[in-house]
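Trainee: Prediction below, plus the sequence it came from.
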Amino acid sequence: MPNIKSSKKAVKVIAKKTENNHELKMRVQNLIKNCEKKIAANDKEGAELLVKDIQKYSDKAVSKGLIKKNTADRQKARLTQKVKNMK
């Protein structure tokens, strides 16, 4: 544990940032998982809504440096294509 006051504060700030970053990454992963479930269940409207949310939160994660740009683009493209090909 740090002894200096500023170091103690830095530990708290880092912990908070780490938690927020983890929350955003998990939100993106859970949205992708839920979208895959909607696609498997043939719920096109629900899947389209989730794809919009995925695009929004993936772009946020990319801007924060949590996910690489190409990874986010690839995930968005694949899900969009799957939704588009639904009957």
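Mentor: Cool, the structure landed.

Trainee: in stretch 66-82, what's buried?
Mentor: For stretch 66-82, burial by neighbour count (16 or more other C-beta atoms under 10 Å) applies to 66-67, 72, 75-76, 79-80, 82. Every C-beta, even on glycine, is put in place using the N, C-alpha and C of the backbone.

Trainee: Can you name every helix or strand that the longest helix anywhere in the chain contacts?
Mentor: Secondary structure of the chain per DSSP state H: the longest helix is helix 5-40. With contacts defined as 3 or more C-beta pairs under 8 Å, 6 or more residues apart in numbering; DSSP states H and E, helix 5-40 has these neighbours: helix 44-64, helix 69-84.

Trainee: Just send those helices back as TSV, with mean pLDDT and distance to residue 4 too.
Mentor: Formatted as TSV, these follow (pLDDT from 0 to 100; distance: least, C-beta to C-beta, whole Å):
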stretch	mean pLDDT	distance to residue 4
helix 44-64	96	28
helix 69-84	96	38
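
Trainee: Let's have these in CSV, adding distance to residue 31.
Mentor: Output for those, formatted as CSV (distance: least, C-beta to C-beta, whole Å):
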stretch, distance to residue 31
helix 44-64, 5
helix 69-84, 9
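
Trainee: Can you tell me which of the ones you listed is nearest to residue 23?
Mentor: Of all those, helix 44-64 sits nearest to residue 23, with 10.5 Å by C-beta to C-beta.

Trainee: could you check the angle helix 69-84 makes with that closest one?
Mentor: Angle of helix 44-64 versus helix 69-84, following axes from the mean of the first three to the mean of the last three C-alpha atoms, to 10 degrees, is 170 degrees.
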